[in-house]
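**Q** Sequence isn't available, so here's the structure alone:
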């Protein structure tokens, strides 16, 4: 039996009575009001945000009878804030999926149990527009809705993340008016809105009301086109006027262009004849002399005032912020105002940890300011148009935008018929509608350089129709769609998560005529991504590779509180939702509260706009490259300093104003170093900082920096002079070596250092033991099953081969031979520990290992290779000389400079929403753990990787949220020969070959001693001639 379409399942019904899409602007009664651009002062403006009556049912058919009537009694209903997502207010079910639909795929039909929210409130009209209209605007409703005013059905609309405007003039009255909205969670539109995010519903963006004049500007399209020298620009306005009067009108359109200093640049006007009760389209053109260019680096905006006059009387004034910029493809490159640009971008979802997809203006501003502070110059609105104010902010602060249509059909991929809708002509109008309305709303924003047709929806004829619609409505911008591998419906080639070698091949393909961007790469899930430096090097090497967009900006965690009052961030599955893609939504450069992650620090460094290379450091010569696309470096001050340990030896500054975009130049810094301290490393640090306060950062904020080790070194070795008794005692289990006030207790049955004590205090509660396991990071997800179920790397152990101890004059030597392997494996390591316990309690340790392979299959890479030991909880202050301050890994450490750093043990933890390996530091030459009086100093002969935590690896791995990590009664110290890098293989590139750790020989050599707290730097320089 044929099923009857319900309204919300009818793909041929895009709307009922919804007004045609138009550009975003507001109308004012005077030029003085218009110049302020405060929409609250615009004609007839009201915000209908706030408290509404709310009734939730599981299906539309269960709605209360007469719920839309003006006099319906709704006092017993709940109250809900608008805008909001009803799931965040306790209604319906929370659910996160990456690609699954939450119902059977049977387009255009949706489930009968279709959660529905009914909203009611009243509003007042103090005056009715004389011959004009009263317009009600919904900025975002998920996923479809019906509207009633005063009991009369006004209309219906869908497409969740685009505005819907209704003319309510025939329904509204002077005084009190009643509005009812019924929102459906599922509609045929839902099949086109399967984006990687939480499923949330309701009126989640603002509701606004405004009025128009009898004769009004309905729409305006602004185009700027430069001359061949990009000096002067044509300013073209395509206008649509509407005359609601019963008589023809002669309307003068007067335009005034005002710069950022409030000075009038020019004015021009034209008188138009507008027939009664009809529309008039007109084109105004003016030539503008030497306007300031808009780019992401120079976001120069002008105010354009468009005033409608009837005779001498102002009818209305429309203000627009415009920028002079032109997008072209020249020699296979995306250009802005004639110059190729490199897009250092991010993908951004709308997300708030408390409000879900309802994001405040302050939240959007915070995101954009953070992006600018971290050198990001582009954003993709994945995977739907954002609120109008977001583009205003991108215009103002300077971000290139790929504006993406509200379109994704990812779940169809699992059906084996991925193009089910994309190549289905019945759905063409639904596809095209989403592109047209986006372009018509947003095409006056200079920040938008590309339209994107959507995401992960296969390809078919409907995308070609979308492309043609975009080009018809706006031929000035490029069109992007990653799902079009042949580039027939796009002006650029786009791929996602392309492996580095494949990307190099694309760059080397000289036959390619189109630019190439990575619309997604560097999957920032948990600890990672690694390898960003290598990607950026490839972007810079090949001109057609014009950058990419990190996936993604923000972790989509939802703030919750458990029964004990602990706050944490929830992800998929935490609400009992099934199916779910779990913590795949926790994949951002910032945490849900917008705290930057280590990955954001790394990305800022990798994409920095000033590059510095060493040329002749002995003579102070460096090479500076201006990596901006459009501007010189006059806005930056260059400061340099020579540092050692935690001290500054000398410093200076340079003027860089005449270094133009794209230029390189050698620079000589005049630092004189007459003498150096023995056993001390000296570094040159160069910083480029803002000379003046910027809209997004304070004066002195560092934009780019570099560090180089200087070729000054004086090694000084000394003979170890220690006197005192050393005694060796032995029982059935332990061998104890007493040296002064210290004791080293060895377990000679199992073959390891059991403890290290001074007096009655145990400093090391368990000595070094081999480990090859780390709590898996998200980027290990495709390796973990093999690691744990095939190779059992988390279940390793050491078998004692031999234990020997001997007295050697001023030290005792303990030699322990073990075989280190994992459960049920035919591979492992022969490991030799060689301890030297000196009379003053100092202990030297050399560990060497050689792989042993008796089998055919071995793991392609190991998580880590090193030692773990447990130290006294009281030693909770950490210092180290190595890379820092924040965590760093072998493939993610460009932002981590060498230096001496200090922190509390608890601050060595990186609070990823989903707990995993964290807190590592690389190139560590010494570290210490101290209390107020005493410090355990551990020096490495060769740089090691190091971390210290107040929990075990097992506890970290068992926890699923931050607050669930159980503390240990000791500190866990990891000292590694190497950890495998991070990569971004949760969705993308594996670790690159240099960052993979295999079964290979290794050696670690360290020495530890107890010293007075605060003496770590001095003691770290003591280097002794080897004995024995």
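**A** That came through, no problem. All of these numbers come straight from a predicted model, not from anything done at the bench.

**Q** Hmm, residue 739 is touching residue 810, no?
**A** No. If you go by CB atoms under 8 Å, residue 739 and residue 810 don't touch, sitting 9.5 Å apart. C-betas here are computed from N, CA, C, even on glycine.

**Q** gap between residue 818 and residue 953?
**A** For residue 818, the distance to residue 953 equals 20 Å [CB to CB, to the nearest Å].

**Q** what's the answer for residue 930, then?
**A** On the measure of CB to CB, residue 930 and residue 953 end up 24 Å apart.

**Q** same thing with residue 301?
**A** 53 Å.

**Q** picking that back up, if you count what's nearby, which of residue 818 and residue 953 comes out ahead?
**A** The neighbour comparison of residue 818 against residue 953 (other CB atoms under 10 Å) goes to residue 818, with 24 against 18.

**Q** what sits opposite the more buried one in the beta ladder?
**A** According to DSSP bridges, the partner residues bridging residue 818 are residue 800, residue 831.

**Q** And the longest strand along the chain, what does it pack against?
**A** Ranked by number of residues, the top strand in the chain under DSSP state E is strand 934-949. If contacts are counted by 3 or more CB pairs under 8 Å, 6 or more residues apart in numbering; DSSP states H and E, strand 934-949 sits against strand 864-871, strand 877-884, strand 921-930, strand 971-979, strand 1002-1012, helix 1016-1020.

**Q** overlap in contacts of residue 739 and residue 810?
**A** Both residue 739 and residue 810 are contacted by 726, 838, 839, under the criterion CB atoms under 8 Å, 6 or more residues apart in numbering.

**Q** Return the subset of the residues you listed lying in strands.
**A** Per DSSP E, the subset of those in strands is 726, 838.

**Q** Redo the shared contacts of residue 739 and residue 810 as TSV? Include distance to residue 665.
**A** Formatted as TSV, those follow (distance: CB to CB, whole Å):
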residue	distance to residue 665
726	61
838	54
839	58
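
**Q** ok, the shared contacts of residue 739 and residue 810 vs residue 1000, which is closest?
**A** Each of the shared contacts of residue 739 and residue 810 was scored against residue 1000 by CB to CB, and residue 838 proved nearest at 31.2 Å.

**Q** Not counting its neighbours along the chain, what's nearest the closest one?
**A** Ranked by CB to CB, 6 or more residues apart in numbering and with sequence neighbours excluded, the top spatial neighbour of residue 838 is residue 811, at 4.6 Å.

**Q** ditto for residue 946
**A** In space, and not counting its chain neighbours, residue 946 is closest to residue 924: 4.3 Å by CB to CB, 6+ apart.

**Q** ok, now residue 908?
**A** Closest to residue 908 by CB to CB, 6+ apart is residue 919, at 4.7 Å.

**Q** Isn't residue 480 up against residue 448?
**A** No. Residue 480 is beyond contact range of residue 448, at 11.2 Å (criterion: CB under 8 Å).

**Q** list residues touching both of these two?
**A** residue 402.

**Q** If you count surrounding residues, which of those two has more?
**A** Neighbours per residue, other CB under 10 Å: of residue 480 and residue 448, the larger number sits with residue 480, 27 against 24.

**Q** mind listing the strands for the stretch 601-750 of the chain?
**A** 610-616, 621-626, 636-644, 647-654, 664-668, 682-690, 702-709, 726-730, 734-739, 742-747 (DSSP state E, counting those that start in this stretch).

**Q** Show me what the fifth one is packed up against.
**A** Spelled out, it's strand 664-668. By 3+ CB pairs under 8 Å, 6+ apart, strand 664-668 packs against strand 621-626.

**Q** 10 Å instead, please
**A** Packing partners of strand 664-668 (3 or more CB pairs under 10 Å, 6 or more residues apart in numbering; DSSP states H and E): strand 610-616, strand 621-626.

**Q** Can you give the domain ranges for this protein?
**A** 7-211, 215-322, 405-605, 609-709, 726-1020 (automatic domain parsing).

**Q** Let me have these in TSV, adding mean pLDDT and distance to residue 377 as columns.
**A** Formatted as TSV, the domains of the chain follow (pLDDT from 0 to 100; distance: least, CB to CB, whole Å):
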stretch	mean pLDDT	distance to residue 377
domain 7-211	98	23
domain 215-322	97	4
domain 405-605	97	9
domain 609-709	96	8
domain 726-1020	97	18
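
**Q** ranking those domains by burial, who's on top?
**A** domain 405-605 (a mean of 21; mean count of other CB atoms under 10 Å).

**Q** Spell out for me which residue occupies the centre of this structure.
**A** A centroid search over the chain (CA atoms, centre = their mean) returns residue 553, at 2.0 Å, as the residue closest to the centre.

**Q** who are the neighbours in contact with the spatially closest residue to residue 227 that is not a sequence neighbour?
**A** Distances taken as CB to CB, 6+ apart place residue 233 nearest to residue 227, at 7.2 Å, with adjacent residues excluded. Counting by CB atoms under 10 Å, 6 or more residues apart in numbering, residue 233 touches 223-227, 286-291, 293, 324-326, 337.

**Q** try 6 Å this time
**A** Counting by CB atoms under 6 Å, 6 or more residues apart in numbering, residue 233 touches 224, 226, 288, 291, 324.

**Q** any idea how far the third one is from residue 392?
**A** Which is residue 288. Using CB to CB, we find residue 288 at a distance of 22 Å from residue 392.

**Q** And for the first one?
**A** Summarising the geometry, the distance separating residue 224 from residue 392, computed by CB to CB, is 18 Å.

**Q** Let me know the secondary structure of the closest residue to residue 393 other than its chain neighbours.
**A** Using CB to CB, 6+ apart and skipping the chain neighbours, the partner closest in space to residue 393 is residue 368 (4.9 Å). The three-state assignment at residue 368 reads helix, by DSSP: H, G, I helix; E, B strand; the rest coil.

**Q** Go ahead and confirm residue 368 touches residue 397.
**A** Yes. Counting by CB atoms under 6 Å, residue 397 is a contact partner of residue 368 at 5.2 Å.

**Q** Looking at the two, which is more packed in?
**A** Set residue 368 next to residue 397 and count neighbours by other CB under 10 Å: residue 368 wins out with 22 against 18.

**Q** can you tell me how far residue 489 sits from residue 482?
**A** According to CB to CB, residue 489 and residue 482 sit 11 Å apart.

**Q** Then residue 1012?
**A** Going from residue 1012 to residue 482 by CB to CB gives 60 Å.

**Q** again, but for residue 866
**A** 41 Å.

**Q** By residue count, which helix of this protein is the longest?
**A** Using DSSP state H to define each element, the chain has its longest helix at helix 428-442.

**Q** Who are the packing partners of that one?
**A** helix 461-473 (3 or more CB pairs under 6 Å, 6 or more residues apart in numbering; DSSP states H and E).
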